[in-house]
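Engineer: Sequence below, structure please.
(chains A and B)
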There are 2 protein chains.
Amino acid sequence: MQRIVVLAGGTGGARFLRGLKLAAPEAEITVIGNTGDDIHLFGLKVCPDLDTVMYTLGGGIHEEQGWGRAEETFAVKEELAAYGVGPEWFGLGDRDMATHIVRTQMLAAGYPLSEVTQALCRRWEPGVRLLPMTDDRVETHVLIDDGDTRRAVHFQEYWVRLRAEPEAHAVVPVGADTAGPAPGVLEAIAEADVVLFPPSNPVVSIGTVLAVPGIREAIAAAGVPVVGLSPIVGGAPVRGMADKVLAAVGVEATAAAVAEHYGSGLLDGWLVDTRDADAVGTVETHGIRCRAVPLMMTDPAATAEMAREALDLAAALAADVAP
Amino acid sequence: MQRIVVLAGGTGGARFLRGLKLAAPEAEITVIGNTGDDIHLFGLKVCPDLDTVMYTLGGGIHEEQGWGRAEETFAVKEELAAYGVGPEWFGLGDRDMATHIVRTQMLAAGYPLSEVTQALCRRWEPGVRLLPMTDDRVETHVLIDDGDTRRAVHFQEYWVRLRAEPEAHAVVPVGADTAGPAPGVLEAIAEADVVLFPPSNPVVSIGTVLAVPGIREAIAAAGVPVVGLSPIVGGAPVRGMADKVLAAVGVEATAAAVAEHYGSGLLDGWLVDTRDADAVGTVETHGIRCRAVPLMMTDPAATAEMAREALDLAAALAADVAP
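Structural biologist: Numbering: from 1, shown residues only, chains lettered A, B, ... in the order given. As a prediction, this is how the structure comes out:
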């Protein structure tokens, strides 16, 4: 049985995973989820990326939106606003809130996030093993100008409230330097046949997972093909505002620049969209095998085809390195 | 301006207060609310009686039900149940939940319950000063038989889950002995012109307020008329299951027995329903002035008339004790 490890952020990662499950129904898929965008709201521990993966694969996602629950209501949020209690910019729905209540209660009882995630997944049965990147607290902060001073805001505040409009001077995964991989993460990487980077945000999603000491090293040392899919198509993010945070780390918003950012020490193969076919040569000069294929996740079938292309590239790379 | 202090439980006390506001629109009303039925659920501090008073007087109550919010939804509760997380027997609605979130957050930030209650009331403007009986934790437990052993259950579990069906051997306001009156409680009693006991549960509502050391003594020492309204009409509680907990303290479920239970050291006047007119003589032999008037809170007008009768009896008692 093929063992696939996928590093995932939120919507993009989750949709890719749905395609991957279609493309490789027999594979054993382990997802290492970003927890850097976790936030405490109203005394509750909210893990947006883990939940987006769980809801998307478990059939509970709000399809059009790409995050949050289907048929969601917002009674609690409206009532909190009536008390003058915010933040109003975070769309915390009633159904979604139950997830955070269960999580917060279990954490308070002493369970690590990885066990809590497993417990939540018993309901959703996502068909993958979903691991948080770490059981430790990591919180991605973004450094922006606020008048004459520079201040750090929580990633959610930057992304949701500020719509990523202020220039990001730096993106800092606070706590990552002292965090450790969650139980099972390094083992899954060591046992993997292939590691995939979905078209998630290379800085605040995949980059944050890679910032947990040990994960990047384990992937580089695994000796298996590591294949990524470009989240940049035609010089712009397919979804979200990845260009804003790429600028903060000095990376151009191009398919080739993101591959170079990951680097050949980590990445073996890279898929760019057909409209970025002219980037293939550039990427390969950096020692990363590259193919141009359609990369728009317009529906599960198209996404499954992308996943097949990634696995196919991985197989080609594996054949090359085979004795 | 007449200063009225009212000890209140939940639905009965809240409805009586609505009548009292109609009967004495100019009066300054301070409500000392029972907190013995408070419960922690899902990490939230729930104060059912305080909220029932606040919602009823503030226009947010579910009228027919007598507790909880109007137009309530239960998405969070349903989702918690889908995770297998209960208790399912407690009807925690989405709108109501926002109140508990704000309260829990403020308590976690270090505010005492009395200040939290004041903050919540800024939204609801109940038109009375609502004070919790105490800022300390008091939790009413009920001793019941569980097979061959006796065990204590939280009052809410006894009342809501068990529908007060098991025999109550004792009712214990755990923590009351070391609790102190909330700021303002003793001052309000000392400055009152009259103290009223609405037709609330004499054991688990008014009895719990009186169990906070200092409150009973302050009322007895205030030197103003203390007038109560019988919650027992025709030998049965008008609402709820007061007879079950009266039995636990060895008191018959009759209008006269409840007056005697409060006692002439505390109570100066007592209203019984017209159908209990034959109890008047018995009550008066215990040194408590008694009148028989209609005591069914069928609508705000009827309730206002009850409040007028209580104030009228208080005025008669005051005239007697005047020099």
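Engineer: A:Glu202 is in what secondary structure piece?
Structural biologist: One thing to correct before we go on: residue A:202 is Pro, not Glu. Under the criterion DSSP states H and E, no helix or strand holds A:Pro202.
Engineer: swap in A:Ala190?
Structural biologist: helix A:185-191.
Engineer: Report the buried residues of the helix or strand that that helix is followed by.
Structural biologist: Counting by DSSP H and E, the next helix or strand C-terminal to helix A:185-191 is strand A:194-197. Neighbour-count burial for strand A:194-197 flags A:194-197 (criterion: 16 or more other C-beta atoms under 10 Å in any protein chain shown). For the C-beta atoms, the positions are set from N, CA and C on the backbone; glycine is no exception.
Engineer: can you check stretch A:57-71 too?
Structural biologist: A:57-58, A:60-62, A:66-69.
Engineer: Now do it, average pLDDT.
Structural biologist: Taken as a whole, stretch A:57-71 carries a mean pLDDT of 95.
Engineer: Residues of chain A that sit close to chain B?
Structural biologist: A:42-43, A:73, A:75-80, A:82-85, A:93-95, A:97-99, A:101-102, A:104-105, A:108, A:120, A:123 (C-beta under 8 Å from any C-beta of the partner chain).
Engineer: Mind checking which of the residues you listed are buried?
Structural biologist: A:42-43, A:73, A:75-77, A:79-80, A:83, A:85, A:93-95, A:97-99, A:101-102, A:104-105, A:120, A:123.
Engineer: Okay, and which of these map to helices?
Structural biologist: Judged by DSSP state H, helices contain the following of these: A:75-77, A:79-80, A:94-95, A:97-99, A:101-102, A:104-105, A:120, A:123.
Engineer: Off-centre distance for stretch A:308-319?
Structural biologist: With C-alpha atoms, centre = their mean, to the nearest Å as the basis, stretch A:308-319 stands 21 Å off its chain's centre.
Engineer: brain fart, stretch A:262-274
Structural biologist: Here the centre of stretch A:262-274 is set off from its chain's centre by 16 Å, with C-alpha atoms, centre = their mean.
Engineer: For A:Ala220, list the residues it contacts.
Structural biologist: A:265-266 (C-beta atoms under 8 Å, 6 or more residues apart in numbering or on different chains).
Engineer: need the next SSE after whichever helix or strand it is part of, C-terminal direction.
Structural biologist: If you go by DSSP H and E, A:Ala220 is part of helix A:215-221. Using DSSP H and E, the helix or strand that directly follows helix A:215-221 along the chain is strand A:226-229.
Engineer: For A:Ala152, give its distance to A:Pro166.
Structural biologist: 12 Å (C-beta to C-beta, to the nearest Å).
Engineer: which one of the two has more residues nearby?
Structural biologist: A:Ala152 (19 against 15; other C-beta atoms under 10 Å in any protein chain shown).
Engineer: Report the beta-bridge partners for the spatially closest residue to the more buried one that is not a sequence neighbour.
Structural biologist: Among residues not flanking A:Ala152 along the chain, A:His141 sits closest, at 4.1 Å (C-beta to C-beta, 6 or more residues apart in numbering or on different chains). Assessed by DSSP bridges, A:His141 has beta-bridge partners A:His154, A:Val172.
Engineer: Look at A:His141 and say how many residues are nearby.
Structural biologist: Count around A:His141 with other C-beta under 10 Å applied: 19.
Engineer: Just give me the neighbour total for the closest residue to A:Ala257 other than its chain neighbours.
Structural biologist: Using C-beta to C-beta, 6+ apart and skipping residues adjacent in sequence, the residue nearest A:Ala257 is A:Val251, 5.1 Å away. By the measure other C-beta under 10 Å, the count of residues near A:Val251 is 20.
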